[in-house]
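> following is a predicted model, sequence given first.
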Number of protein chains: 2
Amino acid sequence: MDERQALASFGALSQETRLQIVRMLVVAGPDGMAAGTIAEKLEVSPSNISFHLKELDRAGLVSQQREARSIIYTANFDALGGLVRFLMEDCCAGHPEVCAPAAKAAACCAPGAEKNQ
Amino acid sequence: MDERQALASFGALSQETRLQIVRMLVVAGPDGMAAGTIAEKLEVSPSNISFHLKELDRAGLVSQQREARSIIYTANFDALGGLVRFLMEDCCAGHPEVCAPAAKAAACCAPGAEKNQ
DNA sequence: TCAACATTTCAAGGATTATTGAAATATGGA
DNA sequence: TCCATATTTCAATAATCCTTGAAATGTTGA
């Protein structure tokens, strides 16, 4: 993840509908959701949801795949992980003691973690 | 961190100058940097850096404090940690297996970690 | 008090981004 | 083939955000 990608990702996540789409797709997991289903749940018009999905796609945060008449969108977990890492890498290098709490918060679902924080 | 705050944070980080400011302040650590120093390093005009610092402040990502003639800005590590956590909390609840790699990446400076990834 | 410094505020303009509805594309079934 | 479904594309408008330079604010030392 370079600065360019991070900027695109942050920009994509800075819009309410798009942030809700991403969170919904994260919860949906690898099965993803059809564009129409997303539009219905968020009560947004088809053309508007399409606009935002395209934006998320350009940022690399979602992937798409046609399945019969529907187009299924899934969250790109690698990209989200890369973004988290990007947010933290400078403080790793410079002041680990000061960002350790942030890292701990992020570790809530790391291998071995028992509880959500 | 609620959705409203997350949107403001992502919006704040989605602009090149502001992202660079935050990364610079993270590296600078608790000592922070004066507005003028930031402007100089990033080769941005005083009024422009002021505009972006205000935006970061509104999003809660930086704090400010006057010191003699200068105003010292510091990164708000709690807010950054909160943002990381916000990004991950849904996948903790739903699909931990799928976002574990992201959590692992974020753990690079957690207590006990030896190396930057 | 005055001058220099550090930063912010303000208004104007330019640039980017979001929303809308209508038309286009692609798919599957009768 | 024809129709209904699912989604995207397009053009126009509206809304938001960024940049600029000039003027204002607050601070320090002579």
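Cool, got the structure. Numbers count the residues shown, from 1 in each chain, chains lettered A, B, ... in the order given.
> number of residues surrounding the residue of chain A found nearest DNA strand D?
Proximity of chain A to DNA strand D (Cβ to the nearest atom of the strand) peaks at A:G36, 1.9 Å away. Every residue, glycine included, has its C-beta placed from N, CA and C. By other Cβ atoms under 10 Å in any protein chain shown, the residues close to A:G36 number 14.
> so it makes contact with A:S70?
Yes. The criterion here is Cβ atoms under 8 Å, and A:G36 meets it with A:S70 at 6.6 Å.
> ok, A:L61 - contacts?
Taking Cβ atoms under 8 Å, 6 or more residues apart in numbering or on different chains, we find A:L61 in contact with A:9, A:12-13, A:22, A:75-76, A:79-80.
> report pLDDT for it.
Listed pLDDT for A:L61 reads 97.
> repeat for the one 10 residues further on
Predicted confidence (pLDDT) at A:I71: the value is 98.
> just the buried residues of the helix or strand where A:L53 lies, please?
Using DSSP states H and E, A:L53 sits in helix A:46-58. Using 16 or more other Cβ atoms under 10 Å in any protein chain shown as the test for burial, helix A:46-58 gives A:49-50, A:52-53, A:55-56.
> now stretch A:2-11
A:6-11.
> just stretch A:75-85 next, same as before
A:75-77, A:79-85.
> what about it and chain B, any contact?
Yes. Applying Cβ under 8 Å from any Cβ of the partner chain, one finds stretch A:75-85 in contact with chain B at A:77-78, A:80-85.
> how about stretch A:72-88, does it reach DNA strand C?
No. Stretch A:72-88 lies apart from DNA strand C when judged by Cβ under 7 Å from any atom of the strand; the minimum separation is 12.2 Å.
> lowest-confidence helix or strand of chain A?
Scoring the helices and strands of chain A by mean pLDDT, DSSP states H and E places helix A:96-106 at the bottom, with a mean of 64.
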